[in-house]
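**Q** Build me a model from this:
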Amino acid sequence: MTELLPNSLHNVLEVRARLAEGPTWDSTQQLLYWVDIFNHRVHRFYPATGKDEYFDVGDVVGAISPAGDNRLIIALRHQLAFLDTQTGLVTTIIEIEPDRQNNRLNDGKCDPQGRFWFGSMSSEATQANLYRYDHDGSLHIMETGLTISNGLGWSPDQKTFYLTDSPQQKIYAYDFDSATGNISNRRIVVDLTNESFYPDGLTIDSEGYIWSAMWNGWCVIRFSPSGEEVFRIQLPVPLVTSCTFGGEDLQTLYITTASVGLQQDEIDKSFYSGDLFAFKSEVSGLPTYGFQG
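**A** Next up is the predicted model:
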């Protein structure tokens, strides 16, 4: 394992978010979308100028993905919706698990075919699910028995799908059928049950390696496709929530963090909790896929 130099990491937005998540790169506009879940905000950050602005979407928001010109598909507490990024108008698409008050929607993103994958999280063990929302408006349950459906992504050859269940401290791999969107043959690729931290959001690079943000771990870890740790990026904050590649060359890893639940002494030790960080990588990421429908 090789520790990366701290000077490769930069605090690019001192925002002190409660629970920043879901970083999503928009290559057309060269900007980063991200969410502050409990503050009900979808943010838009312009790296070239450092400007950050947000839309108040009126509810807990767990995931976002591009969905055409000036539009995002977003996962709210119990519904999917479209957000018009010109007007801020939120339009409901479909309700999800409205009868499960201990659940809410969490992380999600689109596959290379433009289908939106997202999961729920539950305060009760094994009561969360993974879903796929297709172009034709159909909704499919892809996995059950989860507790916090989290970080997900696809290998560059589109043959493998990855899914995280944070409380289980595991990242799973599945065989992925790109034509049908089906997944099968679940196996554990990363097992962190002997660690004191939890895998959260993730992204996949162009070499097929997994970059996973570690909640309560003060780091992002890069794993090989077979699950070996290659190196870790140390951060000055404990609650590291997610990451994605952006920039013109897709070699800037944007990293979201959180401050929610920290006691004052913990905040004193991790003053920049909730800020947005950027790490310059030698390897590039994969492009962001948008919803087609």
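
**Q** rest of the way, CA atoms for contacts and neighbours
**A** Fine.

**Q** residue ranges of the helices in the chain, please?
**A** Under the criterion DSSP state H, helices of the chain are mapped to 264-269.

**Q** ok, longest strand in it?
**A** Counting residues, the longest strand found in the chain (DSSP state E) is strand 182-191.

**Q** which residues sit in contact with G246?
**A** 25-27, 30, 32, 252-254, 285 (Cα atoms under 8 Å, 6 or more residues apart in numbering).

**Q** repeat that with 7 Å
**A** 25, 252-254 (Cα atoms under 7 Å, 6 or more residues apart in numbering).

**Q** so which of these comes closest to H40?
**A** Among the contacts of G246, W25 lies closest to H40 (Cα to Cα), at 19.5 Å.

**Q** Isn't S259 up against G274?
**A** Yes. Applying Cα atoms under 7 Å, one finds S259 in contact with G274, separated by 5.0 Å.

**Q** Show me which of those two is the more surrounded one.
**A** G274 (27 against 23; other Cα atoms under 10 Å).

**Q** distance of that one from Q113?
**A** 32 Å (Cα to Cα, to the nearest Å).

**Q** Over to D52?
**A** D52 is 30 Å from Q113, by Cα to Cα.

**Q** With A48 instead?
**A** 30 Å.

**Q** now swap in V189 and tell me
**A** V189 is 24 Å from Q113, by Cα to Cα.

**Q** Ok, L19 next?
**A** On the measure of Cα to Cα, L19 and Q113 end up 29 Å apart.

**Q** With neighbour numbers in mind, choose between these two.
**A** L19 (25 against 17).

**Q** Give me the phi and psi for Q263.
**A** Main-chain dihedrals, Q263, degrees, to the nearest 10: phi -80, psi 160.

**Q** Number of residues surrounding it?
**A** Neighbours of Q263 using other Cα under 10 Å come to 9.

**Q** Among the contacts of G246, which lie within strands?
**A** Those of the contacts of G246 lying in strands (DSSP E): 25, 252-254.

**Q** and the nearest residue to Y33 once chain neighbours are set aside, what does it touch?
**A** Spatial nearest neighbour of Y33, chain neighbours left out: R44 (4.6 Å); criterion: Cα to Cα, 6 or more residues apart in numbering. By Cα under 7 Å, 6+ apart, the residues touching R44 are 31-34, 52-54.

**Q** What is the nearest of these to G227?
**A** W34 (27.2 Å).

**Q** Without its sequence neighbours, what residue ends up closest to the closest one?
**A** Nearest non-adjacent residue to W34 (Cα to Cα, 6+ apart): P23, at 4.3 Å.

**Q** Touching, that neighbour and I37? I think so.
**A** No. Look at P23 against I37 with Cα under 7 Å: they stay out of range, at 11.8 Å.

**Q** Who has more neighbours out of the two?
**A** P23 (29 against 23).

**Q** Do you know the pLDDT at that one?
**A** On pLDDT, P23 comes in at 98.

**Q** same thing with G227?
**A** For G227, the predicted pLDDT is 98.

**Q** Could you do E3 as well?
**A** 43.

**Q** again with E266
**A** 88.

**Q** For the remainder of this discussion, apply numbering that starts at 294.
**A** With the count now opening at 294, the last piece we talked about shows up as E559.

**Q** what about it, distance to Y565?
**A** Counting by Cα to Cα - E559 and Y565 are separated by 11 Å.

**Q** The closest residue to G444 other than its chain neighbours - how many residues pack around it?
**A** Using Cα to Cα, 6+ apart and skipping residues adjacent in sequence, the residue nearest G444 is G494, 3.7 Å away. Applying other Cα under 10 Å, we find 32 residues neighbouring G494.

**Q** Alright, that wraps it up for me.
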